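**Student:** What follows is a predicted protein model with its sequence.
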Amino acid sequence: MSATLAVRELCKDFRLRSGLRVSTLAAVRDVSFELISGRTVALVGQSGSGKSTVARMITQLERPTSGQLLLDGRPVGRRGAALRRYRAEVQLVFQDPFASLNPFHTIGHHLERPLRISGRATGRAALRAAAVELLERVNLTPPEQYLDRRPHELSGGQRQRVAIARALAPGPSVLVADEPVSMLDVSIRLGVLNLLARLQREEGLALLYITHDLATARHFSDEILVMFQGRVVERGAADEVILNPQADFTRALRNASPEPAMSRRFLDEARRRGVPMPDHVRG
């Protein structure tokens, strides 16, 4: 399902209390961009720059102090059925797959619950079949071996694939991935990024990829936005931002990244494994 999510001048303030003193922290200021079906936008910045706060506002886990979200040109509902429909359309993949999955429930429960709540499947047999299909979509096969397991019985990469499958369960058109590979071993990160790229391409998802890793941002996104102290300080096509940065912070971030040869080895390995790439890095 195609969709466009427009983020307009999003701001978020947090009230801080220390004894009798109350102050305000401006966490996000005037952030605007668009997420379009079939394209990936990377939101890049250091820890504390406001990236995850933007993700939580987009997915309505935090209410913006000001600004607007428009899904296909329509303002997002604040409550009731309108909010539930929006949350089904815009799903979040959390950074830590172990913390985001309830250790007391089976993998089948984690997948069947959003299917049931969203109305995409009803009845025990239909729910089971839909959960099997979700596991197959994230390359956890044979799926029957996973349904009755609990999160602690899976590896970190397998847990993150379950988290992605759970996010797909309501049938979203927009997927927000908040540093989805930063908690995983280096050896399995590429597989998860490959999965996200395939899902984006095959299902026409609009993908927001939040990361501090410029190498993966460049190779797996069409557009990059760089955040610093709650503001977007630079934006543009992925290659242009990385190869010709204009903002001082972007240059500092690039200089702190692995040297180009390491990035090239990463890209060569991705191509060898058949990872789908944006147009600007396919040549």
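**Tutor:** Everything's here; your move.
**Student:** before we move on, which element is the most centrally placed residue in the chain in?
**Tutor:** The chain has residue 177 as the residue nearest its centroid, 1.0 Å off, counting by CA atoms, centre = their mean. Using DSSP states H and E, residue 177 sits in strand 174-178.
**Student:** pLDDT averaged over that strand, what's the number?
**Tutor:** Per-residue pLDDT over strand 174-178 has a mean of 96.
**Student:** ditto for stretch 49-61
**Tutor:** 94.
**Student:** For residue 122, which non-adjacent residue is spatially closest?
**Tutor:** residue 116 (6.8 Å; CB to CB, 6 or more residues apart in numbering). Quick note: C-beta positions are derived from backbone N, CA and C, even for glycine.
**Student:** and residue 101, what does it touch?
**Tutor:** Contacts for residue 101 (CB atoms under 8 Å, 6 or more residues apart in numbering) come out as 110, 151, 159, 162, 163, 166.
**Student:** Show me those that map onto helices.
**Tutor:** 110, 159, 162, 163, 166 (DSSP state H).
**Student:** Out of those, flag the one nearest to residue 224.
**Tutor:** Comparing these against residue 224 with CB to CB picks out residue 163 as the nearest, at 24.1 Å.
**Student:** Am I right that the closest one is in contact with residue 96?
**Tutor:** No - if you go by CB atoms under 8 Å, residue 163 and residue 96 don't touch, sitting 9.1 Å apart.
**Student:** And these two? Which one has more around it.
**Tutor:** residue 163 (25 against 17; other CB atoms under 10 Å).
**Student:** separation between that one and residue 36?
**Tutor:** The spacing between residue 163 and residue 36, counted by CB to CB, to the nearest Å, is 24 Å.
**Student:** any idea where the helices of the chain begin and end?
**Tutor:** Going by DSSP H, the chain shows helices at 51-58, 80-89, 107-118, 124-137, 156-168, 186-203, 214-220, 238-243, 248-255, 260-272.
**Student:** what packs against the third one?
**Tutor:** Yep, that's helix 107-118 we're talking about. Counting contacts by 3 or more CB pairs under 8 Å, 6 or more residues apart in numbering; DSSP states H and E, helix 107-118 packs against helix 124-137, helix 156-168.
**Student:** Switch these over to TSV; also include mean pLDDT.
**Tutor:** Listed next are the helices and strands packed on helix 107-118 as TSV, based on pLDDT from 0 to 100:
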stretch	mean pLDDT
helix 124-137	95
helix 156-168	95
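**Student:** Quick one: closest of those to residue 90.
**Tutor:** Across the helices and strands packed on helix 107-118, closest to residue 90 is helix 156-168 (CB to CB), at 9.8 Å.
**Student:** what residues does the closest one touch?
**Tutor:** Around helix 156-168, the neighbours that count as contacts under CB under 8 Å, 6+ apart are 91-94, 97-98, 100-101, 107, 110-111, 114, 134-135, 137-140, 146, 151, 154, 175, 180-181, 183-185, 188, 191-192, 195-196, 199.
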